[in-house]
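Visitor: give the three-dimensional model of this entry:
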Amino acid sequence: MKTLTVHVKENKLLLFAIFLLILNTFLLTIGINFLRPVQSEISDNLSSKKLLAEEIVQYNRRQAEKLEVDQRPRVMETLSRFYYDIELATGNEELYKIILSNARTVQETISREYESYQQELILSLINKDSKIREIKSNLNVTITYDFETGIIVEPEGVIEEKTLEEINKTAFQSDFSPRQIIEIEVENGQGKPVATHNPLDQVNVLTNELNSLRNILYETRVAAGLAEMTGAGIIIRLYDKENGQTSEEIVHDTDIRNLVHELFNSDAQGVAVGDQRIIATSHIRCVGSIIRVNDESIPVNPVVIKAVGNPEILVGGMTLIKSQLEIRYGLRMDIEKVDNLTLPAYSD
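Guide: Predicted coordinates for the structure are as follows:
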């Protein structure tokens, strides 16, 4: 392992984040200041504000020149687009949005192009290295640069000392990108890039994965009954038999449990009884004349059951049990299709 400069510290990305923060703060400050009303005679003039916006473009151009990427096509294209959009702006708000959008795009483009430039430069130096030229079979070489730890090459000793000094002197002179990992595949004495791992790209990938996991977690909570569920479905109102007096003529817990089972058999995504969300451990039981769901008393006559799912399929699934309850016991069961309803989340 070859280390040219060793100053091991934690938080390697912190300095880069501070750099971007300062840069964005600078741009934002300019953007806000030139849009602030009645600060000067200039601030009320759109043309003058465009001149200030163009100064932001010039700042980025100078940054690109410093990094020697100003003539690369993508950098030239984004800078030209920035200029063009400023020219087309017809109002202060539109101009402000153009600055925020384009400034970020330009900075990202300069960063990517600078890293590509570094890769090309390093590759050209490595392909002149005598040790690399002696390698005939496939070998992956990893070059890690960090402006605090210097250059680390794996496997150790495959690149000459003078080549590493040249790389350190020419390719990593800017602090624009504080850490970079370059993987090179060497075969028959020639190297070619395998992949580049930019920490910011890794952060974006991890952020997207985190957002995806959050969505999955939320959907799982909704399906499990631990979060509200909204969608099309049906509302069932189950009444006792009119003037019913006997046990068979009133709604019982078994009637409700049978209905809930049929709803889930009809692909209901979620069910609530008396505004109590049904989950895997829910209990529906009678305590005297009171019906309790999730250990909470619910209103009766009618007992209101809501289900989210395809209304047509849900209604079809209720046909048989509706006939049994109405014809056999004289209960009344009304079913209403709705385009949108919300089931509450389960609560202890």
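Visitor: sec struct for E242, please.
Guide: Of the three states, E242 takes coil under DSSP: H, G, I helix; E, B strand; the rest coil.
Visitor: now it. Nearest residue, chain neighbours left out?
Guide: Nearest non-adjacent residue to E242, counting by CB to CB, 6 or more residues apart in numbering: R332, 7.4 Å away. Heads up, the C-betas are built off the backbone N, CA and C, glycines and all.
Visitor: what's across from the one you found in the sheet?
Guide: Beta-bridge partners of R332, counted by DSSP bridges, are Y239.
Visitor: residues in contact with it?
Guide: Contacts for R332 (CB atoms under 8 Å, 6 or more residues apart in numbering) come out as L238, Y239, D240, K241, E242, E326.
Visitor: redo that, cut-off 10 Å
Guide: If you count contacts by CB atoms under 10 Å, 6 or more residues apart in numbering, R332 has them with 237-242, 244, 251, 301-302, 322, 325-326.
Visitor: what's the distance between it and I152?
Guide: Between R332 and I152 the computed distance is 79 Å (CB to CB, to the nearest Å).
Visitor: go on, E336?
Guide: 69 Å.
Visitor: these two: which has the busier surroundings?
Guide: When E336 and I152 are compared for neighbours, I152 comes out ahead with 18 against 13, by other CB atoms under 10 Å.
Visitor: now name the helix or strand holding the nearest residue to the more buried one once chain neighbours are set aside.
Guide: Closest residue in space to I152, ignoring its immediate chain neighbours: T144 at 4.6 Å, by CB to CB, 6+ apart. Taking DSSP states H and E as the definition, T144 sits inside strand 139-146.
Visitor: before we move on, what about V271?
Guide: Counting by DSSP H and E, the secondary-structure element that holds V271 is strand 270-273.
Visitor: where in the stretch 151-300 of the chain is pLDDT low?
Guide: Filtered on pLDDT under 70, the stretch 151-300 of the chain yields the residue ranges 171-179, 195-202, 205.
Visitor: bridged to the nearest residue in space to V222 that is not next to it in sequence, which residues?
Guide: Nearest-residue entry for V222: M229, 5.1 Å, with adjacent residues in sequence omitted and distances by CB to CB, 6+ apart. Counting by DSSP bridges, M229 forms beta bridges with L343.
Visitor: equivalent analysis for the one 4 residues further on, please.
Guide: Taking DSSP bridges, one finds V308, V338 as the beta-bridge partners of G233.
Visitor: please tell me I have it right and it contacts L341.
Guide: Yes: under the criterion of CB atoms under 10 Å, G233 is in contact with L341, at a separation of 5.4 Å.
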